[in-house]
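S.K.: have a look at this prediction, sequence included:
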Amino acid sequence: MSELYKKVERFIEESFANTKHIHTVIHSKLAVDALKELEPHADEAMCIAVLAHDIDRAFIDRAEGLNGSGYKEQPYLKNHQEGSAKIIKDFLEKNGANKKLVERVWHLVSKHEEGGDKDQDLIKDADSLSFFRGANTNSILNKYPKMDIRGKIDWMFN
């Protein structure tokens, strides 16, 4: 991986280090693995996008009070996607990434939950696959014991 990718990885790890969303680092890395399974020739922008797709959760806790079906509702979805896209765009710009890569990463992250075009759909699918790997569901259940997790599972599966 490039030096820029490694900087993004460190940014993700450091951003989540002291949060209750520490599992997101593992989820994000599993999403990169899933992306490479779905698209072995994924470019750097796609790998960075899937790694950073949930970065806003390190800074904003939008999940408080949501039930499982709340993940697909507006404004949560829009705010989460756009918030993550802006954070990673700002980080990439501050770290000297070229404009074309920055715009592509922003584009991919801005629709990572809903999909849209072929590449946004790949990011969405890699995110969904990674949700079912590791201990993601247990982590969510432990963190939000009153949440009806079935809605989130259905959302990710579909």
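M.R.: Everything's here; your move.
S.K.: tell me the contacts of the spatially most central residue of the chain?
M.R.: Nearest to the mean C-alpha position of the chain, counting by CA atoms, centre = their mean, stands residue 53 at 2.6 Å. Under the criterion of CB atoms under 8 Å, 6 or more residues apart in numbering, the neighbours of residue 53 are 28, 31, 84, 108-109, 112, 123, 127. Heads up, the C-betas are built off the backbone N, CA and C, glycines and all.
S.K.: spatially nearest residue to it (excluding sequence neighbours)?
M.R.: Distances taken as CB to CB, 6 or more residues apart in numbering place residue 112 nearest to residue 53, at 4.3 Å, with adjacent residues excluded.
S.K.: so that neighbour makes contact with residue 49?
M.R.: Yes - assessed by CB atoms under 8 Å, residue 112 is found in contact with residue 49 at 7.1 Å.
S.K.: what's the overlap in contacts for these two?
M.R.: residue 123.
S.K.: which of these two has more residues huddled nearby?
M.R.: Between residue 112 and residue 49, residue 49 has the larger neighbour count (other CB atoms under 10 Å), namely 33 against 26.
S.K.: measure the residue nearest to the centre of the chain to residue 81 for me?
M.R.: Distance of residue 53 to residue 81, given as CB to CB, to the nearest Å: 8 Å.
S.K.: swap in residue 11?
M.R.: Distance from residue 11 to residue 81, by CB to CB: 18 Å.
S.K.: quick check: end-to-end length of stretch 36-51?
M.R.: Using CA to CA, to the nearest Å, the end-to-end distance of stretch 36-51 comes out at 12 Å.
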